[in-house]
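[1] kindly return the folded structure for what I paste below:
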Amino acid sequence: MASPTNSTPTASSDANGSSGSKTSNASPFRRGGGAPLALPGFLSRRPRPNNNSINISLSKDSSGIHGLSISTPPNQGETPNLVNASPASQAAAVLRVTNSSMTTPPPKSARADPDRRAQRRRASAAALAELSGREVGEGDAAATSPGTTASGPTPSPSQLSYRHRQLAATMSAPVVGLPSLRQQCWNGVPAPLRADAWKTLLGVTPANSARRDAVLSRRRREYAAAVRTYWADGADGGGDMRRTPQEQETLRQILVDVPRTAPDVSLFREPRVATAMGRLLYIWAVKHPASSYVQGINDVATPLYVVFLDDVRRRFGYIEGGDDGGVEELDIEKLSTRGMPDRLLDQVEADTYHSLTSLLSGIQDHYTNDQPGIQRMVFKLRELVARIDPPLYEHLEQRGVDFIQFAFRWMNCLLLREVPVRVAVRMWDTYLAEGGASSSSSDGLPSSLDIHGASSSTGNTTYGFETFHVYVCAAFLCRFGSTIRTMEFEEMFGFLQKLPTSGWGDEDIEMILSQAFVLGTLFTGSDAHLTSGRP
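    Just a heads-up that it's a prediction; the model follows:
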């Protein structure tokens with residue numbers, strides 16, 4: 001797989017729940033002289049542990065991970081040595097240690113200084129304008145009138161975060177190195193660069209920067225032509241006489257589902273946004289009759305629309321209150337189409353459509369008859385939980401809770417109904433980095449995401465979007481395992497339908513992603529560990 005980082009951090013957790021990056025006192029287990037395993041970089045950014053820390057080290061060689069060791073400082077007591085333990089036991093240990101640190105916020109001293117953040121916001125605006133290299137279209141000058149953008153002296157772009165500057169350099173190269181781009185995006189993408197990075201990862205724009213604008217313009221023209229062909233009569237049903245009964249039913253279902261999309265986000269209640277969502281979903285359904293529209297696809301489109309709208313907002317200065325709400329962060333609450341010309345919203349809609357097409361082309365069997373792709377993922381999740389958390393698995397079995405009853409929605413909507421949209425956007429940074437181009441279209445662009453994973457020239461393996469999502473769901477479920485084990489059927493079923501994630505932030509989902517990374521490293525290519533019986 002594409003390694004998330006070049007560093008070799010280790011995860012650690014102390015008795016008080018704080019966690020950080022620290023080198024283990026015990027030598028990592030090696031078979032054949034393997035190199036230490038690089039864990040996701042965000043683990044190294046957490047607060048330093050105190051003297052009661054527990055240190056985890058992983059190691060691997062060319063054939064994959066082979067060992068995990070846990071050590072404690074003197075006088076801390078004995079910790080089980082998991083070097084020779086099974087992958088299931090190793091994974092369970094990682095989940096226990098990392099979950100214990102998820103509820104502790106970072107110390108106040110580690111939070112960004114407001115003045116510093118304001119300087120970084122202004123610096124990013126200047127850097128983004130230089131990086132994009134796109135000409136402002138006619139009429140956009142009026143849109144960026146005085147008072148609509150952040151004011152004040154613009155500091156040097158060097159005041160941006162290192163991650164921001166590094167990714168900006170990668171994206172501005174004559175030809176973007178996709179392995180490097182995936183590696184950097186795995187740990188999260190700064191908001192001003194996210195739209196361009198996602199389009200490149202999804203194959204909507206080419207890696208060759210000289211062709212990027214021309215290809216994007218052509219794709220937008222193609223979508224505009226599709227709108228004229230399939231949506232000339234609008235969504236009010238005026239064209240029903242020219243639609244087949246199946247198309248009429250598809251449109252009816254879409255118009256029912258669109259108002260339910262992201263109920264906590266006011267953006268999707270705006271009439272122009274609702275119309276755009278309904279239109280792109282209907283056109284996608286008509287052009288993909290094998291699956292057509294299925295409930296849940298509307299949820300999958302929401303992160304894409306949010307990110308691309310935020311990109312237009314930043315580029316052309318449609319900023320509420322004269323501030324962009326944070327350069328490195330995406331502020332969903334400030335997103336609005338108020339005052340934006342239809343021309344820019346048409347661009348957002350077209351980019352969302354093509355990105356959604358690329359994404360769904362690799363998981364189309366999730367939405368065909370009987371949805372075999374989702375059935376496959378739910379089965380894998382069941383087997384995985386049985387290995388890494390046997391008490392939780394047995395509790396669900398004894399109480400008569402079938403995984404399909406709650407995990408079907410997790411797979412169908414890719415957890416977008418389980419976590420806030422702002423958190424889902426961060427999660428998708430990693431998801432898109434886990435997938436590569438699976439095939440090429442006639443113009444040499446990737447036509448879809450590599451959902452299932454493939455070996456790279458370096459010998460690493462990408463899990464793929466679909467496979468990695470199963471590991472994320474397993475870590476997500478185990479995160480609430482101790483609470484679920486205290487519940488009976490009715491209470492448990494209601495809890496699983498509405499998990500307490502409304503207050504989650506990036507740190508929470510990053511911990512889930514790091515656990516999924518470890519699970520994937522332990523179990524990918526080791527199917528016997530999932531099918532050889534219960535632990």
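[2] what's the helix or strand encompassing residue 303 packed up against?
    Element membership for residue 303 (DSSP states H and E) is helix 297-316. For helix 297-316, the contact count by 3 or more Cβ pairs under 8 Å, 6 or more residues apart in numbering; DSSP states H and E identifies helix 114-132, helix 191-202, helix 271-287, helix 342-361, helix 421-434 as packing neighbours. Glycine gets a C-beta too; all of them are placed from N, C-alpha and C.
[3] can you list these in CSV and add mean neighbour count?
    Listed next are the helices and strands packed on helix 297-316 as CSV, based on neighbours: other Cβ atoms under 10 Å:
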stretch, mean neighbour count
helix 114-132, 17
helix 191-202, 25
helix 271-287, 20
helix 342-361, 22
helix 421-434, 25
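[4] could those go into JSON lines alongside distance to residue 508?
    Converted to JSON lines, the helices and strands packed on helix 297-316 look like this (distance: least, Cβ to Cβ, whole Å):
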{"stretch": "helix 114-132", "distance to residue 508": "21"}
{"stretch": "helix 191-202", "distance to residue 508": "18"}
{"stretch": "helix 271-287", "distance to residue 508": "27"}
{"stretch": "helix 342-361", "distance to residue 508": "24"}
{"stretch": "helix 421-434", "distance to residue 508": "7"}
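[5] figure out which of the ones you listed is closest to residue 176.
    Taking Cβ to Cβ, helix 191-202 is the member of the helices and strands packed on helix 297-316 nearest to residue 176, at 5.8 Å.
[6] and that closest one, average pLDDT?
    Mean per-residue pLDDT for helix 191-202: 95.
[7] ok, stretch 297-314 next?
    Regarding stretch 297-314, the rounded mean pLDDT is 95.
[8] kindly report the same for stretch 407-415.
    95.
[9] got the contact list for that stretch?
    Here stretch 407-415 makes contact (Cβ atoms under 8 Å, 6 or more residues apart in numbering) with 294-296, 299-300, 366, 371, 373-374, 377-378, 381-382, 417-418, 424, 427, 431, 469, 472-473, 476-477.
[10] that older thread, give me the angle between the helix holding residue 303 and helix 191-202.
    Relative orientation of helix 297-316 and helix 191-202, computed by axes from the mean of the first three to the mean of the last three Cα atoms, to 10 degrees: 130 degrees.
[11] next, the angle helix 342-361 makes with helix 297-316.
    Going by the same axes, to 10 degrees, helix 297-316 makes 140 degrees with helix 342-361.
[12] check which residues of helix 297-316 are buried.
    297-316 (16 or more other Cβ atoms under 10 Å).
[13] same check on stretch 496-503?
    In terms of neighbour count (16+ other Cβ under 10 Å), stretch 496-503 has its buried residues at 496, 499, 501.
[14] can I get those in TSV with secondary structure, distance to residue 162 and pLDDT?
    Formatted as TSV, the buried residues of stretch 496-503 follow (DSSP: H, G, I helix; E, B strand; the rest coil; distance: Cβ to Cβ, whole Å; pLDDT from 0 to 100):
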residue	secondary structure	distance to residue 162	pLDDT
496	helix	40	95
499	coil	34	95
501	coil	30	96
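[15] please report the residue range of the longest helix in the chain.
    Counting residues, the longest helix found in the chain (DSSP state H) is helix 209-230.
[16] would you agree residue 168 is in contact with residue 193?
    Yes - Residue 168 is within contact range of residue 193, at 6.2 Å (criterion: Cβ atoms under 8 Å).
[17] specify the angle between the helix or strand just after the longest helix of the chain and helix 271-287 in degrees.
    Sequence order places helix 245-257 as the next helix or strand after helix 209-230, per DSSP H and E. For helix 245-257 against helix 271-287, the angle by the same axes, to 10 degrees is 150 degrees.
[18] now do helix 245-257 against helix 209-230, angle only.
    Using the same axes, to 10 degrees: helix 245-257 against helix 209-230 is 110 degrees.
[19] same for helix 245-257, what does it pack against?
    helix 271-287.
[20] what sits up against the helix it packs on?
    223, 226-227, 230-231, 235, 247, 250-251, 254-255, 258-259, 261, 267-268, 292-293, 297-298, 301, 305, 337, 342, 345, 348-349, 352-353, 356-357, 360.
[21] these two touch, right, residue 216 and residue 205?
    Yes - at 5.5 Å, residue 216 counts as touching residue 205 under the criterion of Cβ under 8 Å.
[22] need the overlap of contacts for these two.
    residue 199.
[23] pick out whichever of those two has more residues nearby.
    More crowded of residue 216 and residue 205, by other Cβ atoms under 10 Å: residue 205, with 26 against 20.
[24] how much space separates that one from residue 211?
    8 Å (Cβ to Cβ, to the nearest Å).
[25] now do residue 316
    From residue 316 to residue 211 the distance is 23 Å (Cβ to Cβ).
[26] likewise for residue 186?
    Using Cβ to Cβ, residue 186 is found at 26 Å from residue 211.
[27] between the two, who's got more neighbours?
    Between residue 186 and residue 211, residue 186 has the larger neighbour count (other Cβ under 10 Å), namely 24 against 16.
[28] quick check: that one touching residue 429?
    Yes - Residue 186 is in contact with residue 429 according to Cβ under 8 Å; the separation is 7.3 Å.
[29] quick check: residue 427 touching residue 511?
    No - using Cβ under 8 Å, residue 427 is not in contact with residue 511, being 11.6 Å away.
[30] helix or strand for residue 467, which one?
    helix 465-479.
[31] check which residues of the helix or strand just after that helix are buried.
    Next in sequence after helix 465-479, counting helices and strands by DSSP H and E, comes helix 481-484. Going by neighbour count (16+ other Cβ under 10 Å), the buried part of helix 481-484 is 481, 484.
[32] related to what we said a few turns ago, the helices and strands packed on helix 297-316: which one's closest to residue 388?
    Closest to residue 388 of the helices and strands packed on helix 297-316 is helix 421-434 (Cβ to Cβ; 19.6 Å).
[33] now for that closest one, which elements pack on it?
    Contact here means 3+ Cβ pairs under 8 Å, 6+ apart; on that basis helix 421-434 packs against helix 178-186, helix 191-202, helix 297-316, helix 465-479, helix 506-523.
[34] on that earlier part again, which of the contacts of stretch 407-415 are buried? Put it as a PyMOL command.
    To isolate the buried members of the contacts of stretch 407-415 in PyMOL, using 16+ other Cβ under 10 Å:
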select buried, resi 294+296+299+300+366+371+373+374+377+378+381+382+417+418+424+427+431+469+472+473+476+477
